[in-house]
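In: Predicted model and sequence below, questions to follow.
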Amino acid sequence: ATVAGPAGRARVPLASSRERYRLPSASHSHGLLIRLSDGAVLSSAPGQYWRTGGAMANHIDEGAVWSPNSRFAIEVTDAKWSTEDLRLYAIGADDKVLVLDLKAIIEPAVRKRLRRLVKNESTYTFSAFGLAVDNRGLVEAPVLMQIPKEERDIAFTVTLLVVHKDGTLVARDVSVRRSR
């Protein structure tokens, strides 16, 4: 996957606008957050995207969005109909990385709201797209809940604030509102 940073320069697969960090798929099963200045691995997480020569993962797409100050990154892995992984990385001044599984927070909150609207909530797939994160850790996540190959899409916008608490990351002020 190739992602263009805010400055318009493309990196393979993912990089910050300041070219300080890169989040590539290193093998068939892991993604790495690498400090570009010296190649140090700052974080490693299970991955799904892979590419070797002419072969590549089918219906898998990875991407990332960065905060303007390159201290937050959101990694997204999408399958054909759904978002499989959604992680936020917070990079401290000492380059210590904390990771928060945003999917584990956002999807249940959206499904709770969806249950008020439909009877068959479990048949809907979860897709997050067009995400944004600011320098404070405020995340905006447009979400599409859909039944594949049907026209019963329901769109939501989720906002939350990621903060440090006792050496970990937590989400505060989670808001789910229907959009469109």
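Out: Great, that's in hand.
In: Residue most distant from the centroid, the protein?
Out: What lies farthest from the middle of the chain is Lys119; by Cα atoms, centre = their mean that is 28.1 Å.
In: show me the contacts for the nearest residue to Arg113 once chain neighbours are set aside.
Out: Among residues not flanking Arg113 along the chain, Val176 sits closest, at 4.8 Å (Cβ to Cβ, 6 or more residues apart in numbering). Every C-beta, even on glycine, is put in place using the N, C-alpha and C of the backbone. Neighbour list for Val176: 109-110, 112-113, 156-158 [criterion: Cβ atoms under 8 Å, 6 or more residues apart in numbering].
In: Phi and psi next, for the residue farthest from the centre of the chain.
Out: Lys119 adopts backbone torsions of phi -90, psi -20, taken as degrees, to the nearest 10.
In: Can you give me the pLDDT of it?
Out: For Lys119, the pLDDT comes out at 90.
In: oh, and call the first residue 627 from now on, that's how I've got it
Out: Will do, 627 is the new start, and the previous item becomes Lys745.
In: was I right about Leu787 contacting Ser801?
Out: No: Leu787 lies out of contact with Ser801 (Cβ atoms under 8 Å); the separation is 9.7 Å.
In: Comparing these two, which shows the higher neighbour count?
Out: Ranked by neighbour count (other Cβ atoms under 10 Å), Leu787 and Ser801 place Leu787 first, with 15 against 12.
In: how close does the more buried one get to Asp721?
Out: 23 Å (Cβ to Cβ, to the nearest Å).
In: Same check on Leu743?
Out: With Cβ to Cβ as the criterion, Leu743 and Asp721 are 43 Å apart.
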